[in-house]
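Novice: the sequence isn't on hand, but the structure is:
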């Protein structure tokens, strides 16, 4: 069984698909206060509708119904080899076929020797990464290895450092960046909110951002004595 640190990066679905999923806007819900001027009322409603659309598009990458997996960073604990799934040049990148291929590759990594699951270590993976990967896999009919989810619980090989950090206190704060700084092992080198744009405009910088996140995950695990 191998120990592999991982992190996923997501982005919004193509704009055409998102537009079809945009929830309807109800002008009647816009509070116009004491405005009497029809032009001012219309302008306020128009601003509200624009904000409604912008907010939906802005948050799309965080929801598997409106977002997709762009890349997965993998760091092997024994060899320190770093790999990026999704960074391909075969013409499928950015398509449903490309995402499905990425997901198949990730689940293949999870499968260990002799049918055992590799030890997959991440940060906030139980709440975000794994549910996102599962739901996008269901979307594309990509088989998920059995045993990763047992009833309400994740397999013991799927380790979430944030769950360990919280020590059972669901109110305990702590992002990867905050915990890494607290432990003195480094900091993030960018903002994940901008990853999708960076992935398109500067691939090398996006890959370096992802590498840093996975390296931070490893360092946090070591500082907490998990490994």
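Specialist: It's in. Just so you know, these numbers come straight off a predicted model, no measurement behind them. Residues are numbered from 1 along each chain as shown.
Novice: quick check: residue 198 is in a helix.
Specialist: Yes: secondary structure of residue 198 (DSSP: H, G, I helix; E, B strand; the rest coil): part of a helix.
Novice: per-residue confidence for the residue lying closest to it once chain neighbours are set aside?
Specialist: The spatial neighbour of residue 198 that comes closest, neighbours along the chain excluded (C-beta to C-beta, 6 or more residues apart in numbering), is residue 206 at 4.4 Å. Where you see a C-beta, it was placed from the backbone N, CA and C, and this is true even at glycine. pLDDT, residue 206: 96.
Novice: I'd assumed residue 199 was in contact with residue 206.
Specialist: Yes: the criterion here is C-beta atoms under 8 Å, and residue 206 meets it with residue 199 at 4.5 Å.
Novice: mutual contacts of these two, please.
Specialist: Both residue 206 and residue 199 are in contact with 9, 71, where contact means C-beta atoms under 8 Å, 6 or more residues apart in numbering.
Novice: so which elements touch the least confident helix or strand in the chain by mean pLDDT?
Specialist: Taking mean pLDDT, DSSP states H and E as the measure, the chain has helix 38-59 as its least confident helix or strand, at a mean of 83. On a contact count with 3 or more C-beta pairs under 8 Å, 6 or more residues apart in numbering; DSSP states H and E, helix 38-59 meets helix 15-21.
Novice: pLDDT of the helix it packs on, averaged?
Specialist: Helix 15-21 comes out at a mean pLDDT of 89.
Novice: for the remainder of this discussion, apply numbering that starts at 51.
Specialist: From this message on, residue numbering opens at 51, which makes the last subject helix 65-71.
Novice: who are the packing partners of it?
Specialist: Going by 3+ C-beta pairs under 8 Å, 6+ apart, helix 65-71 lies up against helix 88-109.
Novice: list the buried residues for the helix it packs on?
Specialist: When burial is assessed from 16 or more other C-beta atoms under 10 Å, helix 88-109 yields the following buried residues: 94, 95, 98, 102, 106, 107.
Novice: do the same with stretch 226-235
Specialist: Buried, per 16+ other C-beta under 10 Å, within stretch 226-235: 226, 227, 229, 230, 235.
Novice: those residues into JSON lines, with extra columns for distance to residue 60 and secondary structure?
Specialist: JSON lines is the format used below for the buried residues of stretch 226-235 (distance: C-beta to C-beta, whole Å; DSSP: H, G, I helix; E, B strand; the rest coil):
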{"residue": "226", "distance to residue 60": "15", "secondary structure": "helix"}
{"residue": "227", "distance to residue 60": "17", "secondary structure": "helix"}
{"residue": "229", "distance to residue 60": "21", "secondary structure": "helix"}
{"residue": "230", "distance to residue 60": "21", "secondary structure": "helix"}
{"residue": "235", "distance to residue 60": "25", "secondary structure": "coil"}
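Novice: which one of these is nearest residue 121?
Specialist: Nearest to residue 121 out of the buried residues of stretch 226-235 is residue 226 (C-beta to C-beta; 16.3 Å).
Novice: for the closest one, what are its contacts?
Specialist: Residue 226 neighbours (C-beta under 8 Å, 6+ apart): 173, 174, 212, 238, 263, 266, 267, 270.
Novice: domain boundaries for this protein, per the record?
Specialist: Residue ranges for the domains of the chain, per automatic domain parsing: 53-66+110-273, 67-109.
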